[in-house]
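**Q** predicted structure and sequence below. I'll ask about it afterward.
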Amino acid sequence: MAYDEVLAARVMERLEAEGVTAKKMFSGLTLLLQGNALANLYDEGGPGRCPV
């Protein structure tokens, strides 16, 4: 994978209760809030912001 799966699991563990979902896209794992891109994990866990 192009992202750190352990970090992704930790992030999702904390954000799932807030309604955040994850989808593989943009060469990493994109976090979505109500269907809108919130952040992207890529390159071994480097967080990146998506314009909201």
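**A** Perfect, I can see it now.

**Q** and Val11, how many neighbours?
**A** Burial of Val11 is recorded as 19 neighbouring residues (other C-beta atoms under 10 Å). C-beta coordinates here come from the backbone N, C-alpha and C atoms, glycine included.

**Q** who are the neighbours in contact with it?
**A** Leu31, Leu41 (C-beta atoms under 8 Å, 6 or more residues apart in numbering).

**Q** in the helix or strand hosting it, what's buried?
**A** If you go by DSSP states H and E, Val11 is part of helix 5-15. By neighbour count on 16 or more other C-beta atoms under 10 Å, the buried set for helix 5-15 is Ala8, Val11, Leu15.

**Q** who are the contact partners of Phe26?
**A** Counted by C-beta under 8 Å, 6+ apart, Phe26 has contacts Asn40, Tyr42.

**Q** run the last query once more with 7 Å
**A** For Phe26, the contact set (C-beta atoms under 7 Å, 6 or more residues apart in numbering) comprises Asn40.

**Q** and if you look at Ala8?
**A** Ala22, Leu29, Leu41.

**Q** residues near the closest residue in space to Leu15 that isn't next to it in sequence, how many?
**A** Closest residue in space to Leu15, ignoring its immediate chain neighbours: Leu31 at 6.8 Å, by C-beta to C-beta, 6 or more residues apart in numbering. Residues lying near Leu31 (other C-beta under 10 Å) number 21.
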